[in-house]
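J.: Fold the following for me, if possible:
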Amino acid sequence: AKEAEAGGDMRPLATVLADNREKKDQEFQEKWRLMKQGKNRPLDADELEFLEEERRQERARERRIREEEEEGLLAFQVARAEMTAGPQAEPPASSGRSRGGAPAGPKAASRKRPLTVLAAKPVVQAVKKAAASPASPTG
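T.: Okay, the predicted model is just below:
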């Protein structure tokens, strides 16, 4: 009776905890609602301009990377062709056009003939055989 007069709460602990949890949930839902209001608004002109510029820069980066890869592939194909053909092979024209009038480049080179994969003998076996054979002492 003294606790009730002093303003104490005589409710069971489970009820007090449930009320506190419900109050916290309501506060969270209110904060969440306020936060979500800003996410669904339309973009303004500055934000659209920024996003478009980012997209343009990303496309330019991707185009540069693709061009570098194509140039590297063409250089590899030319070097491989020189190695397989030997020194008598004439280098491809670098004027931008091939003899047929079609533009020279990685796509034109790939249309001429399909890529072939050269097989190489494993060197590991030769090294193992050399190590296994007794070496003749010199000296």
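J.: average model confidence for stretch 27-42?
T.: The average pLDDT within stretch 27-42 is 80.
J.: for stretch 64-75, same thing?
T.: 95.
J.: List the buried residues of that stretch.
T.: Residues of stretch 64-75 classed as buried by neighbour count (16 or more other CB atoms under 10 Å): Leu74. For the C-beta atoms, the positions are set from N, CA and C on the backbone; glycine is no exception.
J.: going forward can the numbers begin at 24, since that is how I track them
T.: Taking 24 as the first residue, the last one we looked at is stretch 87-98.
J.: Could I get the CA-only coordinates of it as CSV?
T.: This file holds the C-alpha atoms of stretch 87-98, laid out as CSV (Å, rounded to 0.1, in the frame of the first residue of the first chain):
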residue,chain,number,x,y,z
ARG,A,87,38.6,2.3,-73.3
ILE,A,88,39.1,-1.1,-71.6
ARG,A,89,37.5,-2.8,-74.5
GLU,A,90,39.7,-0.9,-77.0
GLU,A,91,42.8,-1.7,-75.0
GLU,A,92,41.9,-5.4,-74.9
GLU,A,93,41.3,-5.4,-78.7
GLU,A,94,44.6,-3.7,-79.4
GLY,A,95,46.4,-6.2,-77.1
LEU,A,96,44.7,-9.1,-78.8
LEU,A,97,45.6,-7.8,-82.2
ALA,A,98,49.3,-7.2,-81.1
